[in-house]
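> kindly return the folded structure for what I paste below:
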Amino acid sequence: MYYIALGAVRRRSGPALLVALLAALLATAASCAAWYGLTVSSRSAGNEVTSAPVEERVILVRQAGEGTDDPRGALDALASTARGLLPLPGATPVLGAIADGTYVYPGQGGASTGLPIAYRDGFCEHARLAGACPAAADDAAISADTAARLRLKAGDTFRVRAATSVTPLTFRVSAVYQPTDPNGPYWSDKLFRAQGSLDPLFTSLDTFRDPTLTRPVYAWDVEVPLPLLRGDGAYDLNGLVNQAAPRFAGQQLELLAPTGKLVDRVRAERIAVAQGVAVAAGLVAVLAWFALALAGRFTGRERRADAGLLKLRGSTARGILRLALSQHLLPLAGGGLVGWVAGFLVAWPLARGLPVRVELWVGLLLSLGLVVVVLGIGLFVLLAVDALQLRAPIAVLLRRVPSARRDWRSGVVDLALVALAGGAVYQARSGGSGLGVVAAPLVALAVGLLLARVLRRVADRVGAVALRAGRVRLGLTAVRVSRQPGTDRVFAVVVVAVALMALTLGTFAAGRTERVERADVELGAARVLTVTAASRTELLRAVRQADPAGRYAMAAVVDTGGTPPVLAVDSSRLATVATWRSEYGPVGALAARPPALLPPVTGDRLTVAVTSQRRTTTLLGAILQHEGTGEGVRVEFKGIRRGPQSVSVGVPACAVAPGCRLVGWELFTPEGSDTGSVTIRSLTQQNPSGTVVDAAGLGDVTHWRGDFSTPALRIAAGPGGLTLATVPAGATKVAVVDSPLPLPVVWAGKFPATWDFEDATLGRFGDVATPVRVAAVARVLPVLGADAVLTDLDASRRVAGDSDQGGTSQVWLTADVPASVVDAIGLPVLADRTAAGRVAELAAGSSVVTAPFGLFAAALAALIAATLLAVAAAVDREPQLEHLRALRHQGLPRRAALTTAYAGAGSVALTGLLGGLVAALIARPVAAVTAPPFPDGWRVIPPPGALGPAALAIAAAAGLVVLGLTTWLSVRRLNGELS
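Below is the predicted model of the structure:
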């Protein structure tokens, strides 16, 4: 019987090869899914590990020790015990010891400050030393902060008293250290960092031989190797830690393992990657099984005659099915072998690598197992189709003309699939899982089934009308489409494949756009430096000096320490430097005409002309701020007596360029002194000489303001100058108006309930009730998102006076900023982030790393649909050739016959292509298809559309090429055979 099956395969080699191609495509999807999933899940898990805080990647063990003359032996014993209780292959532990101590201040009696005494293996390799590495028992390396606070330097001696002793130890400063990588794993153990006291001093291990150090704590710290945290080879770190914890407790050791949450996140990342790959591979597998079922139905027309003859000769149903099994095994096995190898070859470049070495055998076995499973299901589908066909009577089996369609069965199946799509849409819209992840393909299938029924009926009507009207070519083409069995199912497969390709391309493009948009929103500019600046004034001046034209750099401060959070920017450069979005509101909303500014104070001495109406001596204060450093400069004009006079005071700090600005005045009234007023007539400076503000400026009411939170009843501006009235036992303050007031802001979110009409104030700019003017309303703001405030940096710092507003200092840069501008800023850089780098970080997420496989799966779906078209054409070639020859004998021109052949095959492909695009357009809103969500749930701005014109155009072009080429290759043989 097997020879009979082999002969049948040879006679029908064309359809058999096409079935083998379907099997190869199915096996390729399964094999590639295994290799790709293992590779990218390992990489994604590794990215999760490396991006996690270093504190989550270390395991710490503590032991309360005793005084000993062999501290190295005690540390080695701890290491041996810890290694035995918790084996971590490839891990290199760091051993250390620490004892509580206090620094004894010389000559101050019992004054002391906590200064722990510590030793750690490899200390000198992980610290920058200004001096020599501690080698002797009395050598000590102290931190730069400790050296500054204690005013010690290399070579000095100092004393430290151990917590369990009254006799202090004497140390010599051998070096001053700074950690080379303070955020690295070596320095992640807080035991060896400052904890409410000075940083520990580091000495040699011989120091712990001293009998006064009776209660040291021994430490065993280890950074868990990446493969163990990643879970390579099914390594279960959490399970091992949980098992080891009771054993550590039994040995009186403290085990600190903060790796649990990280390992859980890594496991969730691997599961998410597996789910993403499984969904894409599952869609291809279901489509391939459906295509195999149709291919079995098409090729079964020729096997029906064989089955009928075997039934006439007395063969049983089992024997006939065994014959069918033999005919299916060869193409499935051959195609499966090719696909198994092809899946590996495709996954290698698609995943940009191979799985880690310990998972290579896993990949080999998993890919082989998946191929066997999917092909086994495919074989079952083919045998089920044959079994249904072989149930027919012998007369039906031997009949060459296909039986009439029984639409009630197909109608029930279609109705069930449409109901299934409806359930999937409900789950997708309600945020559930399950069928919701495949809602879009199911909607496309439902649309394809409905369009197939419409196509068959339209073709039937058009064919009848065209033939009656003498339009032979159109009529024959329409009749063939309407009456050929299985055409509607082939059409539905093509629709699903094209829709899947369009939606996958659209989602892929939307995901890339979404990552770029998130990076732009989170950073605000193409590149952002986080810097250290003493004040906002220093930050603003450094950036403006480095880039005077405002072409490349902008100063910004992010203050999240209060409600609402505030983003202060140099608004004059905002449009040029920032990556602005329409959701932020008008880019020029903060532009306001600033008031006239007073000349800067650049001299080393100030003279004020005043007239006092008080009987007692008056103290008048002037508040200034250095425009280079932002440091507040407060001077006092003392000894002001009753009547007109001039008083001078030195201001050497303002003689340093670029000088100081006048912030305001303060009139002091000591308790018990009399009341009265003081009129300020002018303020001049010397060296160089000049007027800071004259009587006209002092008398201009628009130049001065009081506190925002108190009435300005004791301030009067007139022709004689600025008059300040005293308050009992207090001070009268007046500030210079050198910024727009009310302060313009851009508001995102809901307005505070305490605001009434135009009475809008905020307590975020140096005063509890600074008046603000909402210049524009935004949906979100860069960096901060919703419920935040954007304001001008220079205006807000001027309103705040010389008070420190805090916040994170940043420098926003354009993508093409020259290195010379960055270097000229001159501020210490804490972090340097780029939007492109942030996009790369986001691209490591599970929803992104599976996207390339999704594109490959969509391409496989298109090839499966094209192969099914080829199968339908191959099994129909001989009947169609006989049909066209008969028409030729009846006078049909050869050209018309060939046109009918090409049009009949091409019409299904073309209408299926158009139907697929329509199905994609319907599925996107119905199934709520959007860009893949971020794992952390970030959705500050709406996601971009998941089906743009580019995706539709690419899907249409690719489908046209693949389906058109398949149609041409399927029909071109008729050109030589049709005479």
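
> Phe202 looks like it's in a strand, true?
Yes. Per DSSP: H, G, I helix; E, B strand; the rest coil, Phe202 lies within a strand segment.

> what sits opposite it in the beta ladder?
On the basis of DSSP bridges, Phe202 is bridged to Ala118, Ala141.

> ok, it - contacts?
Going by C-beta atoms under 8 Å, 6 or more residues apart in numbering, Phe202 touches 118-120, 123, 127, 134, 140-141, 177. Just so you know, the C-beta spots here come from the backbone N, C-alpha and C atoms, and that holds for glycine as well.

> at 6 Å instead, please
Phe202 sits next to 118, 123, 141 when contact means C-beta atoms under 6 Å, 6 or more residues apart in numbering.

> kindly write the ChimeraX command that selects the buried subset of those.
Selection of buried members from the contacts of Phe202 for ChimeraX, criterion 16 or more other C-beta atoms under 10 Å:
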select :118,123,141
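
> show me what contacts the residue nearest to the spatial centre of the chain?
Centroid-nearest residue in the chain: Leu842, 3.0 Å away (criterion: C-alpha atoms, centre = their mean). Taking C-beta under 6 Å, 6+ apart, we find Leu842 in contact with Arg515.

> distance of it from Ala578?
Separation of Leu842 from Ala578 (C-beta to C-beta, to the nearest Å) stands at 20 Å.

> for Val437, same thing?
In terms of C-beta to C-beta, Val437 sits 37 Å off from Ala578.

> which one's more surrounded, those two?
More crowded of Val437 and Ala578, by other C-beta atoms under 10 Å: Ala578, with 22 against 18.

> just the pLDDT at that one, thanks.
The confidence metric pLDDT takes the value 94 at Ala578.

> just list the residues touching it, thanks.
Neighbours of Ala578 in contact, by C-beta under 6 Å, 6+ apart: 524-525.

> how near is it to Asp156?
50 Å.

> what stretches of the stretch 451-600 of the chain score poorly on pLDDT?
Along the stretch 451-600 of the chain, segments meeting pLDDT under 70 span 467, 470, 472-479, 481-483.

> neighbouring contacts of the strand or helix carrying Gly73?
For Gly73, the element it lies in under DSSP states H and E is helix 71-85. Contacts to helix 71-85, defined as C-beta under 6 Å, 6+ apart, come from residues 61, 63, 65, 68, 93, 95, 205, 208, 218, 220, 244, 247-248.

> which of the residues you listed count as buried?
61, 63, 65, 93, 95, 205, 208, 218, 220, 244, 248.

> just the residues you listed now: which is nearest Ala459?
Ala244 (71.8 Å; C-beta to C-beta).

> skip the chain neighbours and tell me the closest residue to the closest one.
Spatial nearest neighbour of Ala244, excluding adjacent residues (C-beta to C-beta, 6 or more residues apart in numbering): Leu86 at 4.4 Å.

> that neighbour is in contact with Ala245, isn't it?
No. Leu86 lies out of contact with Ala245 (C-beta atoms under 6 Å); the separation is 9.1 Å.

> which one of these two is surrounded by more residues?
Using other C-beta under 10 Å, the more surrounded residue of Leu86 and Ala245 is Leu86, with 22 against 15.

> next, the contact list for Val358, please.
Contacts of Val358 by C-beta under 6 Å, 6+ apart are 232-233.

> actually Pro771, not the one I wrote
Contacts of Pro771 (C-beta under 6 Å, 6+ apart): 742, 761.

> Pro106 versus that one, what's the distance?
From Pro771 to Pro106 the distance is 54 Å (C-beta to C-beta).

> how about Leu375?
For Leu375 relative to Pro106 (C-beta to C-beta), the value is 85 Å.

> same deal with Lys190?
Where Pro106 is concerned, Lys190 sits at a distance of 30 Å (C-beta to C-beta).

> list the buried residues in stretch 641-650.
Neighbour count says stretch 641-650 has Val647 buried, by 16+ other C-beta under 10 Å.

> now swap in stretch 525-532 and tell me
Result for stretch 525-532 [16+ other C-beta under 10 Å]: buried residues 525-531.

> quick one, strands of the stretch 151-300 of the chain?
Ranges of strands in the stretch 151-300 of the chain, per DSSP state E, counting those that start in this stretch, are 157-162, 168-179, 201-203, 217-223, 254-256.

> show me what the fourth one is packed up against.
Translated: strand 217-223. strand 58-64, helix 71-85, strand 93-99 (3 or more C-beta pairs under 6 Å, 6 or more residues apart in numbering; DSSP states H and E).

> and the pLDDT for Ala886?
66.

> same deal with Pro711?
Taking Pro711 on its own, its pLDDT is 60.
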